[in-house]
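Engineer: Sequence first, predicted coordinates after that:
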Amino acid sequence: MQPTTDPAASAVLAVVFLPFVAAGLVPLVYRLVGERTAYYAAAIALACFGLVASQYGTHGAVSFPWIRSLGVSLSFYVDGLSLLVGFLASGVGVLILTYSGGYMHGEPSQPKYYASLLAFMGSMLGVAFAADLIALFVFWELTSLSSFMLIGHYQRQESSQYAARKSMLITVAGGLFMLIGFLLLHSVLLDVTSGSNAFSIVYMLENPELVQEELRSAGLFLPVLGLIGVGAAAKSAQVPLHIWLPNAMEAPTPVSAFLHSATMVKAGVYLLGRFRPVLVSHEWELLFAILGLTTMTVAAVLAVGATDIKELLAYSTASHLGLIVAGFGFASELGGETGAFHIINHATFKAALFLVAGIVAHEAGTRKIENLGGLKEDLPITAAITAVAALGMAGVPPFNGFYSKELLFEAAWEAAVHAGGGLAYLYPAVAVFGSVFTFLYSIRFLMLFFGEKPTGLHKVHSPPKAMLAPPLLLGVIAGLVSLGGILGTFGIHFAPFDHFVGEVWASTLPPGSDLHGGFSYYFPDHITPAVTMSAVTLVLGAASYPFYGRLHEGVNRVTDVNVLRANWYYNSAVFGLNGVSDTTAERVQNGLLRTYATWALASVAGLTLAGYAATSVTLPAFELSKVAVTVPILLVLLVAIVGAVAVSIAPSHISGVLTLSILGFMVAVFYVLADAPDLALTQLVVETLLLVIFLLVLDKLPAFYGNTDRAKMARDGVLSAAVGATVFVTVLVSTAATPTDGIASFFVEQAVPVGGGGNIVNVILVDFRAFDTLGEISVVAMAALSVLTLVAMRERGETQ
Amino acid sequence: MNEIQQLVVAALVVVGSFFLLVGTVGLLRFPDVYNRMHASSKAATLGASSILLAGFVYYGPQGAGLTSLVGIVFLFLTAPTGAHLISRSAQKMGVPFFGKAAEWPREESD
Amino acid sequence: MSQQFVVAPLLVALVTAIATLLTRRFGRAQVTLSLLGSLGYLGAVALLVSKVDPLGASNVFSYQLSGWQAPFGITIVADSLSAFMLAFSAVIATAALVFSASYVDSFGQRVSYHPLFHFMMVGVTGSFLTGDIFNLFVWFEVMLMSSYVLVVFYSGPEHTQAALQYVVLNLVGSAVMLLAIGGLYSTTGTLNMADLARRVADPAAFGDFAIAPVLGLSALLFAVFALKAGLAPFQFWVPSAYRAAPAPVSAMLAGVVKKVGIYAIVRVYFTVFGAAAISELSLPGLSVPDDGSALLAFYGPVMFVMAAASIVVGGLGAVSRDDIDGLLAYSSIGQVGFIVLPLAIAATAPTEEIRVLGVAAALVYALNHGFAKGLLFLASGAVYDAVGTERFPDLGGLTESAPWLSAGFFVGALALIGIPPLSGFFGKMLVFDAAGSASAAGVAGSNAALGIALVGAILTIAYFSRAWNRGFWGEPPLLVRNADAKVSLVAVVVALALAIALLGVGFDVVMQAANAGAEAALDRQGYIDAVLGAAEGGSGGGHA
Amino acid sequence: MSTVIARTVTRTVVPIILVTAIALLLQGHNLPGGGFIGGVLTVTAFALIYVIYGLDYLEEELLHQIRAPLLDSIRHGIVENYQVAFGVGLAVAVVAGLVPLVFGENFLYQSHWYIKPLPIYGKLHVASALAFDLGVYFVVVGALLTILAVVGTE
Amino acid sequence: MTQFVLAGVLGVLFALGTFLVLRRDIVRVVWGVTIISQSANVYLVTMGGLSGGVPILSHGGHGGGHAVSDPLVQALVLTAIVIGFGTTAFALVLTYRVYQEHGTIDLLELGEKA
Amino acid sequence: MASDPTLLAPVVNAGLILASALTLLAGYRVIKGPTVPDRVVALDTIATNVVAIAALFALSTGEGLFVTVSLVLAIIGFISTIAVSQFVTEGDIIE
């Protein structure tokens, strides 16, 4: 790497946090300048762009401490890849915010809209520059969040709500997978890095081999790869997690262009690019090449089935993201080159196309493909932009998309050859197959501007300048990139651009990779496998375009089959979940105290018996005991049992209460016989008062409810027996154990001399453990308060 | 404590126990609530009082002994009252007499 | 020498409770006293925290009530763990009380609301501070008794029924707790937690009592703590009780009272029983790690199963509830599972680092859940106050008529979902991290823990996004359009939301405190020394 | 309505019970008893009066006091007094615990003294715990009477 | 031998209490709870040993003379009894209020209504 | 305490056992009924028996304080009886 300067800490910090601060000020600004807030926001974006640009040419990390105790820092890393995403986020941001000034005219909740967009931009810049796993994740989730708010912008519409929730579920949940991946990575690195660098991406980029080795030796390489992959796939709408993207088109069109085509969805591929140098390996190639090519193909086919222009563009976005993922997936240097270059190309032509779609929808009042056509009459400039962008998207030479697609073909071919053929030739084959469909829908989109105007489509007005300028600019950039290829053939290179792409490319490669002398691109001048593949694509595409209508129908017929639609699974899961939820709530919380008590008591018994079993507690020998039960005690306890049995089978409330007081009396006598006069007295007086309260209350209650269900009785009997057994064992094991030096003797010794009282129990109550007594009288006081409350609040209920 | 005191205590305990036994047998064997009441209010109370009296003899006229006396007084005051109230409630509930030998003299009018 | 600050929070709460009890006739004075009392409480807690200094010295203070030396008298102990719990409880309680002052109708406030509320705080504070296992029972009862009444406060049909279930289950729980305490006392001969810890670690030195029954007896106790924490299969009382209670009380129940159960689990099982001299387990599938805490090894799987069941039941149950309170109540069940999950990992952890991490994760999650759930219940109360219902079918579009309130709710929901940089994210992250570290260290079941945590987290997103769509977005019905959210209520909600955000951004402090708390929980010897070491008659000595 | 016999006996018995209750309260530190038992026994005496004479009697005939209750639902103003009683009882117990703080001792520290030069008794043994016990007594009396009166009114 | 009897008694008492807690009738449930908590108290007392002597030392101050049963458990049980009393009284009044609000004390009916 | 074991102790112990056994028998009546007053009477008897048991225990252990217990028992027994009979009469609790 050539010598570079370190990035300026203040500038990086400002880039990330300026948008957040600005977002916080939006309500204020909106109050002052109204709808012109759009230009305020655009100015902020421009400032960010400037700040990013100021760091161009720097390379390195800046770090601010954040959560020292976890080793998390707010560190940022500037290199080609992060600059690229930073340029995209702020640059497209400028255009989108300007465009919004026209598009959002008269729309509701504009402050929220601009605040969310600015916050999103800040988050995206954060994702781009973050060099700490946790910091990265923070911004990552913030992009999901702002996306949620923006998709739900038309909050009154159910479709918006559905779409917002779907995107949140998929992207945030995907983020959680990624988080787990990060944390596993962290825990593996914790030992190696002595803690300080365990979250540091810079450290990983510097020591990729070490990281891989450690992961593999912990057996966590595949899990980490997979988990991070899920996160990236969810964000970048890879099959089968792509389903949120088409729905996300519920958002206002500028949002679709910004978040759901140019930037946020790039976060996933950015992540892959970022981790590519660290994790690239055979498994990596297998996973991401397949994932990417599948997505590219499936989404392209689905795009052909689209009926709405934004839907078409959404699927197309997913498809191109698949292309980038596949590019990054190929382990060779070419793979990195593909991804790096296509990110740029895709951002230019897709953002332009979205803005075009916005213009069309805004001015023509419809987004249905079948209702549109012949727009070039009314929208000539727009048509020109579309031509450049759509042909680029189709990969038609010499437009910009062609060059990056060429690289993909090359990488796929090389991977197939490298893998020794066989099934690996599916890589190039699928790439071509998918590209054919890409060609088809791109041309279809372009054809909106040609052919005849359908009836019912009235005169379409030209858009305001604020809406036209941004796509025009994007179109021009796309055109320039295309031009660069042609000039490249003649050896004229637009050096700064090539250099920049080379930087990006270098970021995606492990240290020490061969860049083949830097990045350059040019129109192919001799036949290579890739050129052949491009040719095949174009021929097949052109040949099948006349059958576009049939293909369109066919795709829709296939996607009518539920099991073939990922969306069907989503819907079934989400709506099924409600059913499961109802069932859970009804079954588990069925409102029956009996069920609750059964579970609770059974768990107590089970847990305790398991505890005894786990330590192999043995029941004490028959004669060993510290408890001597005398005959009177035995008799008294027997009476107590008789009383309890009588309570259980009492035929009426009154007889139950009376037999219950036998139990109470017997317990009191037991205390007498156990040398506990205080307890006996307390028990007696309490028993009597309870009896009185029982009688007072029973007086007002209706007669008794029997329980005749024998099966239930039996079940209760079994549970009761289990609880009884638990207590039985508990008593036995705890009477067998004899501590010789418990604390009790202390009280006997100290009560009179220090406590100043002969009644040790009372001394304990008011002195040694007076704190307990304090709690106890609080309970008694509250019991009184509770009775008052119960009665008084009913009164209130009656008077209201 | 001398021999005689001990003897008196023992005797009182025996007497008391006997009366308790009688009272309980009566409670079990008598045919209706009005009869059983006699057993409980007279015999059993006598038994308990007798035993408390033993306590008085045992402890002398102070402290616990005095308490025993209070207990006896209390029992003699309350046992009949209790029995009275029970019989009243039994009558109000309309619990019949055993056999046809007796009837309430008149219906109460309150 | 005077260490009265240890007992100060409890005394302040107690005196406030009594003062509000005695001034019931004078409505305004009562409310003023109540609010002043809660400020005083906050101050007392702040003083205690500053003395304990969890970010620095991590002192352990013990205080001998009645001046009797431990283990004979009752000791209260303030260490970083208690300080952590107290600190966040005090903040939530103050918020809930301020909320109550304008939420609960004046009649209700006059009847008994304020004394009961402060008695609840007395119980909570006592439970956090006490170093005596029977005393713990007493404060549990104080806390429960007040919560019974507060649950049934409105005294309508659903309130009485909910309270009945709550009361009966907890009465049985109290009896079981007595059983456990009796057995432990009989076996070990002491009630003081530090003494207990000392004895179970080395039975031979204390009359060589049989240690084996301690595990079973502690299991009885565990069931009681699980009941207080609302952990499946003891969660049954939760949904109806939370629905029935007035909103600020639900906030307290979910935010603070539940945490007492969690605290008790941490304190009793990690500090006291952690080193019990049980060296092997004879149940199949239970393995004892090398450092020999077989008792914890038993609870690892137990806690895991309970936590997993809670997460699943709570998460699934919450999805289709059609009232905010019901959703929040089920959510509480699930979130408690998230708190206990890292404890399960800590219990089976092979290394001290992972153990500390697990306990710290539980503490952080508890803190976050306290704040977020407290906020959400208060927000639900504010919604009810403004609209007159908190049922989703009658709601919609609240963001339009009550933007600040909605924003507060949103922050609370995001905190529970775990969106950074709110405090909730770090809770969730630490749970994952604990499980991940255990997984990297090859602990059996830690992958299952990761999986369950993931499922639970996704369910959380599912139910909160649904709630948001149904309650806060959409076409506002007439009731909502005319809604007029009380400023005083919304202010409390917004303040809590800011607190959640601040806790996240300044998480370093929280993390240090949680680490200190976890280390205090695991520093058995430090605890024993603080209570028993310097205990000479009068006031006990504290030291680092 | 109760009978004359019951009323008469009650008049005799209630003082006995109350004396016993007070005795139990005061001797609690050395013999069985204490604030709680004394308190509950006191309450049973009141309960007896309630059962035999009814709720109104106590208030109107014995105490000659009619006060507007705080809560409409509680017909009897006397319940107010009960509530004050348990509030005060709690306060007494807490204050008894707080006093030692003034002397630099810990919360709830109890002491006891022999008051030596005292006529008739010679010396009297006074334990500060009695103050705490007194608090317990008042709480119990107040709280239980509240419960009885409220439930009884229903 | 005797501890087996004791264990048996307590086991049966708890079992009966449990059985009652599972009934439909709220009053019975309250009984069940009462039985369970009383049994727990009995258990606690037996844990202090049954035949030690009354833990009350004679007047005046020469302590430590004779063996007594564990006074600590007695103090604990006393606290527990009082607390149990408070909660049971509340439960009873609550039962009454449940009846007022729902017109039934049948838990089955209550559960179905919910 | 100081009683002559040859005479007093066996008698008192026998009395204790007898009284406990009688309580068991009276318990039968409480359960069996058949009418509520029957149960109340039986309960009254039990209370009386328990008074006796406490007094006997006082004799057996020589602890005078159990006499106090027996007095309280008597009080309690009376109040329970009064309460139950009163509520049986005035209330609606009739089988």
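Structural biologist: Alright, I've got the coordinates.
Engineer: Every contact and neighbour count from this point should use C-alpha atoms.
Structural biologist: OK.
Engineer: what about the helix or strand bottoming out on mean pLDDT in chain C and chain A, any contact?
Structural biologist: Least confident helix or strand of chain C, by mean pLDDT, DSSP states H and E, is helix C:106-108 with a mean of 83. Yes - counting by CA under 8 Å from any CA of the partner chain, chain A has neighbours in helix C:106-108: C:Phe107, C:Gly108.
Engineer: what does the helix or strand of chain E with the lowest mean pLDDT rub up against?
Structural biologist: Sorting the helices and strands of chain E by mean pLDDT, DSSP H and E puts helix E:107-113 at the bottom, at a mean of 82. Applying CA atoms under 8 Å, 6 or more residues apart in numbering or on different chains, the contact partners of helix E:107-113 are A:Asn590, A:Gly591, A:Leu592, A:Leu593, C:Gln161, E:Arg24, E:Asp25, E:Ile26, E:His102, E:Thr104.
Engineer: Tabulate the CA atom coordinates of the following helix or strand past the least confident helix or strand of chain C in PDB.
Structural biologist: Next in sequence after helix C:106-108, counting helices and strands by DSSP states H and E, comes helix C:114-129. Provided in PDB are the C-alpha atoms of helix C:114-129 (Å, rounded to 0.1, in the frame of the first residue of the first chain):
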ATOM      1  CA  HIS C 114     -49.400   6.200  49.400                       C
ATOM      2  CA  PRO C 115     -48.800   4.200  52.500                       C
ATOM      3  CA  LEU C 116     -49.100   1.000  50.600                       C
ATOM      4  CA  PHE C 117     -46.700   2.200  47.900                       C
ATOM      5  CA  HIS C 118     -44.100   3.200  50.500                       C
ATOM      6  CA  PHE C 119     -44.600  -0.100  52.400                       C
ATOM      7  CA  MET C 120     -43.900  -1.800  49.100                       C
ATOM      8  CA  MET C 121     -40.700   0.100  48.900                       C
ATOM      9  CA  VAL C 122     -39.900  -0.800  52.500                       C
ATOM     10  CA  GLY C 123     -40.300  -4.500  51.500                       C
ATOM     11  CA  VAL C 124     -38.200  -4.100  48.400                       C
ATOM     12  CA  THR C 125     -35.400  -2.200  50.200                       C
ATOM     13  CA  GLY C 126     -35.400  -4.700  53.100                       C
ATOM     14  CA  SER C 127     -35.200  -7.600  50.700                       C
ATOM     15  CA  PHE C 128     -32.300  -6.000  48.800                       C
ATOM     16  CA  LEU C 129     -30.400  -5.200  52.000                       C
END
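Engineer: Mind pulling up the pLDDT for the residue in chain D positioned nearest to chain A?
Structural biologist: Closest to chain A within chain D is D:Asn30: 4.1 Å, counting by CA to the nearest CA. If you check D:Asn30, the pLDDT there is 80.
Engineer: Next: A:Phe449.
Structural biologist: 89.
Engineer: Does it touch A:Gly374 like I think?
Structural biologist: Yes - with contact defined as CA atoms under 8 Å, A:Phe449 reaches A:Gly374; the gap is 4.4 Å.
Engineer: Who has more neighbours out of these two?
Structural biologist: More crowded of A:Phe449 and A:Gly374, by other CA atoms under 10 Å in any protein chain shown: A:Phe449, with 24 against 18.
Engineer: residues contacting the more buried one?
Structural biologist: Taking CA under 8 Å, 6+ apart, one finds A:Gly373, A:Gly374, A:Leu375, A:Lys376, A:Glu377, A:Ala383 in contact with A:Phe449.
Engineer: Can you pick out the most distant pair from these?
Structural biologist: A:Gly373 and A:Ala383 (11.2 Å; CA to CA).
Engineer: can you count the residues close to the residue of chain D closest to chain A?
Structural biologist: 25.
Engineer: That one sits in which helix or strand?
Structural biologist: Using DSSP H and E, no helix or strand contains D:Asn30.
Engineer: Please verify my assumption that it contacts A:Val761.
Structural biologist: No - applying CA under 8 Å as the test, D:Asn30 and A:Val761 come out as separate, 9.3 Å apart.
Engineer: which parts of the stretch 601-750 of chain A sit against chain F?
Structural biologist: So the stretch 601-750 of chain A meets chain F at A:631-632, A:635-636, A:638-639, A:642-643, A:646, A:650, A:652, A:654-655, A:658-659, A:662, A:665, A:669, A:672-673, A:677, A:680-681, A:684-685, A:688, A:691-692, A:695-696, A:698-699 (CA under 8 Å from any CA).
Engineer: go on, chain E?
Structural biologist: E:Val54.
Engineer: Report how many residues lie close to A:Gln423.
Structural biologist: Just to correct that, residue A:423 is Leu rather than Gln. 9.
Engineer: So what does it look like in phi/psi?
Structural biologist: phi -60, psi -20 (degrees, to the nearest 10).
Engineer: Would you quantify the distance from it to C:Gly370?
Structural biologist: Separation of A:Leu423 from C:Gly370 (CA to CA, to the nearest Å): 55 Å.
Engineer: three-state assignment of D:Pro32?
Structural biologist: coil (DSSP: H, G, I helix; E, B strand; the rest coil).
Engineer: residues in contact with it?
Structural biologist: Neighbours of D:Pro32 in contact, by CA under 8 Å, 6+ apart: A:Pro677, A:Asp678, A:Asn759, A:Asn762, D:Leu24, E:Ile56, F:Leu65.
Engineer: top of the residues you listed by neighbour count?
Structural biologist: In the contacts of D:Pro32, the most neighbours by other CA under 10 Å go to A:Asn762, 34 neighbours.
Engineer: Next, the contact list for it, please.
Structural biologist: Counting by CA under 8 Å, 6+ apart, A:Asn762 has contacts D:Gly28, D:His29, D:Asn30, D:Pro32, D:Gly33, D:Gly34, E:Ala75.
Engineer: With F:Arg39 instead?
Structural biologist: If you count contacts by CA under 8 Å, 6+ apart, then F:Arg39 has A:Ser655, A:Leu658, F:Arg29, F:Val30, F:Ile31, F:Lys32, F:Gly33 around it.
Engineer: which one is the last one nearest to, not counting chain neighbours?
Structural biologist: In space, F:Gly33 comes closest to F:Arg39 once its chain neighbours are excluded; the distance is 5.3 Å by CA to CA, 6 or more residues apart in numbering or on different chains.
Engineer: what's the burial count for C:Val480?
Structural biologist: C:Val480, neighbours per other CA under 10 Å, totals 25.
Engineer: and it, that one's in a helix?
Structural biologist: Yes - the assignment for C:Val480 is a helix, going by three-state DSSP.
Engineer: ok so, going back, could you redo the contacts of helix E:107-113 as a markdown table and give each row secondary structure and neighbour count?
Structural biologist: Converted to a markdown table, these look like this (DSSP: H, G, I helix; E, B strand; the rest coil; neighbours: other CA atoms under 10 Å in any protein chain shown):
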| residue | secondary structure | neighbour count |
| --- | --- | --- |
| A:Asn590 | coil | 17 |
| A:Gly591 | coil | 25 |
| A:Leu592 | coil | 20 |
| A:Leu593 | helix | 29 |
| C:Gln161 | helix | 29 |
| E:Arg24 | coil | 22 |
| E:Asp25 | strand | 22 |
| E:Ile26 | helix | 28 |
| E:His102 | helix | 18 |
| E:Thr104 | coil | 20 |
